[in-house]
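Peer 1: Provide a 3D model corresponding to the input given below.
(one chain, ligands or ions: 2)
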Amino acid sequence: MNASLSIEGADALLRPPEDGLPYLRHDRAASMTLEPGALACADDAIAALSDDPGAAVRFDASGATVIPGLVDCHTHLPFAGWRAREYEQKVTGVPYEEIARSGGGIAASARALAESSDEAVLAQAAGIGREMLAWGTTTFEGKSGYGLSRAGELRALRLAAALRERVAQGTVATALLAHAVPPGFTADGWMDEVEAMLPTVVRETVAESLDIFVESIAFSNEHLARMGALAREHGLALRAHVEQLATHRSVPVALDAGARSVDHLSRLHPDDVAPLARSECAAVLLPSAELMNAEDAAPGRALVDAGAICVLATDANPGTSPVVALPIVIGLGVRRYGWSAREAFLAATLNAAHVLGRAASIGSIEIGKRADLVVLDGPLEHVPYRFGHHPVLAVVLGGELAWVREDARDRVRA
Ligand code: NIG
Ligand code: FE
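Peer 2: Ligands and ions are numbered 1, 2, ... in the order given. The predicted model follows:
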């Protein structure tokens, strides 16, 4: 074998209990193994769970833990600019209504996007992509939603396709066509517009899923059901921002509509835990949005114990979560939900790949899967425990070293 890369002598390799799983329900997270090991990559893929002394590049992973590349299945990239002033207002007690009245919130990012050149938006997003790579993210999703007009949303999705050419990671695009009600529309009227634009979205963009924000300030459960019907009609997956700020009992509606994921869940109704946990719909929890937005903690422990498919993501966006580092989100998830490190890493790897429809090719260390890997500088449990520490020694994309931490350069033999 002529491996491109051999990762040798790792203290631990994080592996699923069996190969070929489409996801792993969280009540089985403890069955993931952490054993000493090595692996060899060839032709983009994991070729063997043993080292290859003849490999073109060899990486000494002694003292390290090798995990699958992190998958961030919920971000709002690409977006334009930031909203730091608004964050300061929020933490110093300015009411949301006042922030919104003075032009803040989603409307502010929509304005910034409209006023920015394609090049400026892509340059910022590509920079964020490089930052995410250094924190171990090897695949990320991004959403439209700051377009707030037919042309604006189509442009956002074209930018998502262009971003794919600018970043090293794999990307997946979601059409968040119902994020805020655009000026001049009622929510119902905007949903008519969404229906009218969908053939173009399907024909001309790379979007794989539809998304909607269900909240009193945005769209309703009826609109969620309608988005579900549209997703089915157009062969797209359905995702939904639900139960973030208040309880609307949107989860049963999302399950009926065949949603791939329900995201946020800070205000999930206790009666909705069991039906969600029985389904194949993932519970995507966003603890950095909860923290930065002073929201309740989602019932992460209850969801895990009930056997839900749980997922962690950054929700990276300029408003509620300007956080791009999944290891930080893993630390927050462990603390806020009472999760083990294995539970948190399962949520940011295989189960996150399931949300993106990519679990057959990424999300776990298995022979034949794409060789997207992260080498951590210590035991798995150190990531949530040494909260804020940058734990990544090296990142592998498609069997090639894509990023190596300064102090790990002497581990590479080429
Ligand atoms: O996921 N919940 C709605 N949308 C975003 C926030 C968007 C913004 O504030 O710009 C979220 O939290
Ligand atoms: Fe979001």
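Peer 1: quick one, domains of this protein?
Peer 2: The chain breaks down into these structural domains: 5-21+31-69+363-413, 71-355 (assignment by automatic domain parsing).
Peer 1: Let me see the mean pLDDT of the last one.
Peer 2: So the one you mean is domain 71-355. Confidence for domain 71-355, expressed as mean pLDDT, is 97.
Peer 1: Count the residues that sit near residue 183.
Peer 2: For residue 183, the number of neighbouring residues by other Cβ atoms under 10 Å comes to 9. Heads up, the C-betas are built off the backbone N, CA and C, glycines and all.
Peer 1: wait, I meant residue 112
Peer 2: Counted by other Cβ under 10 Å, the residues lying close to residue 112 total 18.
Peer 1: in what helix or strand does residue 239 lie?
Peer 2: When secondary structure is defined using DSSP states H and E, the element that contains residue 239 is strand 237-242.
Peer 1: which other residues reach the helix or strand following that strand?
Peer 2: Next helix or strand after strand 237-242 toward the C-terminus (DSSP H and E): helix 250-256. For helix 250-256, contacts defined as Cβ atoms under 8 Å, 6 or more residues apart in numbering pick out 214, 221, 224-225, 228, 238, 240, 242-243, 262, 265, 268-269, 272, 275-276, 279, 281.
Peer 1: let's see 10 Å
Peer 2: Helix 250-256 is contacted from outside by 212, 214-215, 219-225, 227-228, 238-244, 257, 259-265, 267-269, 271-273, 275-276, 278-281, 283, using Cβ atoms under 10 Å, 6 or more residues apart in numbering.
Peer 1: when you check ligand 1, which of those turn up near it?
Peer 2: Intersecting the contacts of helix 250-256 with the contacts of ligand 1 gives 241, 244 (criterion: Cβ under 6 Å from any ligand atom).
Peer 1: Any quick ChimeraX command for the buried ones out of the contacts of helix 250-256?
Peer 2: ChimeraX command restricting the contacts of helix 250-256 to the buried ones, with burial defined by 16 or more other Cβ atoms under 10 Å:
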select :212,214,215,219,220,221,223,224,227,228,238,239,240,241,242,243,244,257,259,260,261,262,263,264,265,267,268,272,273,276,279,281,283
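Peer 1: ends of stretch 22-39, how far apart?
Peer 2: Stretch 22-39 has an end-to-end distance of 22 Å (Cα to Cα, to the nearest Å).
Peer 1: for the helix or strand harbouring residue 122, packing partners?
Peer 2: Residue 122 is part of helix 118-134 when elements are defined by DSSP H and E. Applying 3 or more Cβ pairs under 10 Å, 6 or more residues apart in numbering; DSSP states H and E, one finds that helix 118-134 makes contact with strand 70-72, helix 106-115, strand 137-143, helix 150-164, strand 392-397, strand 400-404.
Peer 1: Tell me what angle the helix or strand following the first one forms with helix 106-115.
Peer 2: I take that to be strand 70-72. Using DSSP H and E, the helix or strand that follows strand 70-72 in sequence is helix 84-91. Between the axis of helix 84-91 and that of helix 106-115 there is an angle of 180 degrees, by axes from the mean of the first three to the mean of the last three Cα atoms, to 10 degrees.
Peer 1: okay but residue 401 is in contact with residue 55, surely?
Peer 2: No. Applying Cβ atoms under 10 Å, one finds residue 401 not in contact with residue 55, separated by 11.4 Å.
Peer 1: For residue 21, list the residues it contacts.
Peer 2: Residue 21 sits next to 28, 350-351, 354, 359, 363-364, 366 when contact means Cβ under 10 Å, 6+ apart.
Peer 1: for residue 231, same thing?
Peer 2: Residue 231 makes contacts with 175, 198, 209-212, 237-239, 257-260, as judged by Cβ under 10 Å, 6+ apart.
Peer 1: could you redo the last one with a cut-off of 6 Å?
Peer 2: By Cβ atoms under 6 Å, 6 or more residues apart in numbering, the contact list for residue 231 reads 210, 238.
Peer 1: Give me the residues contacting the strand holding residue 239.
Peer 2: Contacts of strand 237-242 from elsewhere in the structure, counted by Cβ under 6 Å, 6+ apart, are 209-214, 224, 228, 231, 250, 254, 257, 259-264.
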